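Visitor: attaching a predicted model along with its sequence, questions to come.
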Amino acid sequence: MVDGGCPVIQEGLPCPDKPLASRLTVTRPDSVEAAATATSGEDGSFRIPLSPGRYVVRATNLTGAILPAAAPVDVEVPDGRDVSVTVAFDSGIR
């Protein structure tokens, strides 16, 4: 999700977050080697099968531009369960 990117938020004029397609790289916390990669859909959704354990999800926008940018997200994958992850992109607009 990328923040609405509205420079001035005014009452009655919402500026909701929007889905963003992105490239995703998943690593173990102590490694730079990719455990998995994927590209999210236009609706921002993705599914990456992983073994149980701790991971870091890093996302970049598809254009290669600096913005919008996302901070890495730490994820704990339990055995036999799906995990929901939201990657928040910052549009850079204040």
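Guide: Arrived safely, thanks for sending.
Visitor: can you show me the helices along this protein?
Guide: Counting by DSSP state H, the chain has no helices to list.
Visitor: which strand residues bridge residue 57?
Guide: Residue 57 has these beta-bridge partners by DSSP bridges: residue 26, residue 73.
Visitor: got the contact list for it?
Guide: Residues in contact with residue 57 (Cβ atoms under 8 Å, 6 or more residues apart in numbering) are 24-26, 72-73, 75, 85, 87. Every residue, glycine included, has its C-beta placed from N, CA and C.
Visitor: same question, residue 35
Guide: So residue 35 contacts 26-28, 50, 55 (Cβ under 8 Å, 6+ apart).
Visitor: one step back: which of the contacts of residue 57 count as buried?
Guide: For the contacts of residue 57, a neighbour count by 16 or more other Cβ atoms under 10 Å gives the buried set as 24-26, 73, 75, 85, 87.
Visitor: nearest to residue 3 among the residues you listed?
Guide: Using Cβ to Cβ, residue 87 is the member of the buried ones among the contacts of residue 57 that sits closest to residue 3, with 12.1 Å.
Visitor: what about stretch 67-87, start to end distance?
Guide: Length of stretch 67-87, first residue to last, Cα to Cα, to the nearest Å: 14 Å.
Visitor: now swap in stretch 54-73 and tell me
Guide: Using Cα to Cα, the end-to-end distance of stretch 54-73 comes to 11 Å.
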